[in-house]
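Participant: This is a predicted model, with the sequence first.
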Amino acid sequence: MSEPRQNIAATSLHQRSIVIDGHSDFLVALADGRMHLCDRVEVESPQTWDGASYVRMTPMKTPYTLDPYSLWYGCMGQYDIPRWREGGVTAQVLAIYLSEDELHSPLERALDMVAAFHHEIEANPDTLLHATTAADIRRAKVEDKTALLLSFEGGEPLGRNLTLLDIFYRLGLRMISLTHSRRNDLADGTQFHTQTGGLTSLGHELIERMNTLGMVIDLAHLSDAGVWEVVERSKSPVIYSHTSIGDSPGYKTALTAIDPQHGTSKLRAVADKGGVACAIFFNQADANAIVDDIETMIDHVGPDHVGIGSDFFSLAYVPRDVEDISKLPRLTEAMVERGFSDDTIEKVLGGNLLRVFESVLK
């Protein structure tokens, strides 16, 4: 039986698009030596896993309540070179994320992740490319490679020493979210059941220095007060590398709700600065649920300010038809089925993030 014409059109559109995924956490597994990117890693399903591995090793501690399976595997089996190639991924943002029990030596742990990042790129020169500019991403598309960009998810590795920012910049860091939910020396995160504030004076200095260096400011996991401060202070476009307006706690109306003090929504404020909000895949029901978020965001700010940021974190919290990054073409099919124009789909898949990178990265 021949493939439906609509699916053929979606496949062609996906293949010619520059596809950029705004967020993943799998540097944790790389730094721990549990996988290499050249291997297609397969993990047990949540239904068959017996937890024996979890008992033998203490998993990471996070600000969120996750099941043992997810804490043990993280996003292993969801990102690797074979899956990026199957998914048509042009560029992947990799986050340096620290668990609660790594905060005693954040700089050392971050450098371990940077070392793993560079090792994998050097070990796979035919398929990977270290991207520090938008031109690198375009080159990856031409050369049929996957470009990798390095980011911080939480500024703890910097401590109170912003000189380290320049060093990490030289190592290839090009994006920073100031917090990962918890409070640090830069700002308050989205701490649960806690009254939060905004940026510290050091956080203000960081924003200025990032603007000067040409680094992308990521608002993910930052407190509401902090978001407004960054939007007001940054001279460059800002992004949400992964976010949701669905039924997740704290997200339901946060992006599109009108803030009475500012007279606009956070999503509109990001769009007015030329920025992008990337729809998350984590804990979504299926591709159509992701497209629901994308469509709502487009209805609110138009097609020029929406992207994708998968943030897969175990097979226990995946859309049932987009279980890993190799299944990304299914999202394109869902947008085609929904009646999105080719131009809009290309923007959402990566064109909008590429525009921000072209504007910010130097």
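Facilitator: Ah, there it is.
Participant: any weak-confidence spans in the stretch 201-350 of the chain?
Facilitator: Residue ranges of the stretch 201-350 of the chain with pLDDT under 70: 246-253.
Participant: Show me the strands in the stretch 151-300 of the chain, by range?
Facilitator: With DSSP state E, counting those that start in this stretch as the criterion, the stretch 151-300 of the chain has strands at 173-177, 216-218, 238-243, 258-259, 264-265, 276-279.
Participant: can you redo those strands as JSON lines with distance to residue 299 and mean neighbour count?
Facilitator: Where C-beta positions appear, they are placed from N, C-alpha and C, glycine not excepted. Below are the strands of the stretch 151-300 of the chain laid out as JSON lines (distance: least, C-beta to C-beta, whole Å; neighbours: other C-beta atoms under 10 Å):
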{"stretch": "strand 173-177", "distance to residue 299": "26", "mean neighbour count": "25"}
{"stretch": "strand 216-218", "distance to residue 299": "23", "mean neighbour count": "26"}
{"stretch": "strand 238-243", "distance to residue 299": "16", "mean neighbour count": "28"}
{"stretch": "strand 258-259", "distance to residue 299": "15", "mean neighbour count": "14"}
{"stretch": "strand 264-265", "distance to residue 299": "12", "mean neighbour count": "16"}
{"stretch": "strand 276-279", "distance to residue 299": "13", "mean neighbour count": "30"}
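Participant: of all those, which lies closest to residue 342?
Facilitator: strand 276-279 (18.6 Å; C-beta to C-beta).
Participant: Direction included, what does that closest one pair against?
Facilitator: strand 238-243 (parallel), strand 306-308 (parallel) (DSSP bridges).
Participant: Out of the ones you listed, flag the one nearest residue 280.
Facilitator: Residue 280 lies closest to strand 238-243 among these, at 4.4 Å (C-beta to C-beta).
Participant: Please save the CA atoms from that closest one in PDB.
Facilitator: What follows is strand 238-243 as a C-alpha-only set of coordinates in PDB (Å, rounded to 0.1, in the frame of the first residue of the first chain):
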ATOM      1  CA  VAL A 238      15.600  35.900  25.100                       C
ATOM      2  CA  ILE A 239      14.100  32.400  24.900                       C
ATOM      3  CA  TYR A 240      12.300  29.700  26.800                       C
ATOM      4  CA  SER A 241      14.300  26.600  25.800                       C
ATOM      5  CA  HIS A 242      11.500  24.300  27.000                       C
ATOM      6  CA  THR A 243       8.200  25.200  28.500                       C
END
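Participant: got the angle between that strand and strand 173-177?
Facilitator: With axes from the mean of the first three to the mean of the last three C-alpha atoms, to 10 degrees applied, the angle from strand 238-243 to strand 173-177 works out at 70 degrees.
Participant: which other residues reach strand 238-243?
Facilitator: 22-23, 93, 95, 151, 175, 177, 216-220, 230-231, 251, 255, 270, 273, 275-280, 282, 307, 309-311, 353, 356 (C-beta atoms under 8 Å, 6 or more residues apart in numbering).
Participant: mind checking pLDDT for the residue lying closest to residue 351 once chain neighbours are set aside?
Facilitator: Closest residue to residue 351 apart from its sequence neighbours, by C-beta to C-beta, 6 or more residues apart in numbering: residue 18 at 6.4 Å. At residue 18, the model reports a pLDDT of 98.
Participant: Grab the most central residue of this structure for me.
Facilitator: residue 23 (1.5 Å; C-alpha atoms, centre = their mean).
Participant: That one is in contact with residue 277, isn't it?
Facilitator: No. Between residue 23 and residue 277 there is no contact under C-beta atoms under 8 Å: 11.8 Å.
Participant: which stretches of the stretch 51-200 of the chain form helices?
Facilitator: Assigned by DSSP state H, counting those that start in this stretch, the stretch 51-200 of the chain shows helices spanning 52-56, 68-73, 81-87, 106-123, 134-142, 163-170.
Participant: Tell me which of these lies nearest to residue 329.
Facilitator: Across those, closest to residue 329 is helix 81-87 (C-beta to C-beta), at 6.8 Å.
Participant: So what's the gap between the closest one and the chain middle?
Facilitator: Centroid displacement of helix 81-87 relative to its chain, using C-alpha atoms, centre = their mean, to the nearest Å, is 17 Å.
Participant: which residues sit in contact with residue 287?
Facilitator: So residue 287 contacts 319, 321, 322, 330, 331, 333, 334 (C-beta under 8 Å, 6+ apart).
Participant: could those go into JSON lines alongside secondary structure, distance to residue 69 and neighbour count?
Facilitator: Below are the contacts of residue 287 laid out as JSON lines (DSSP: H, G, I helix; E, B strand; the rest coil; distance: C-beta to C-beta, whole Å; neighbours: other C-beta atoms under 10 Å):
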{"residue": "319", "secondary structure": "coil", "distance to residue 69": "17", "neighbour count": "22"}
{"residue": "321", "secondary structure": "coil", "distance to residue 69": "20", "neighbour count": "15"}
{"residue": "322", "secondary structure": "coil", "distance to residue 69": "19", "neighbour count": "23"}
{"residue": "330", "secondary structure": "helix", "distance to residue 69": "23", "neighbour count": "21"}
{"residue": "331", "secondary structure": "helix", "distance to residue 69": "24", "neighbour count": "29"}
{"residue": "333", "secondary structure": "helix", "distance to residue 69": "29", "neighbour count": "20"}
{"residue": "334", "secondary structure": "helix", "distance to residue 69": "27", "neighbour count": "23"}
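Participant: Much appreciated, bye for now.
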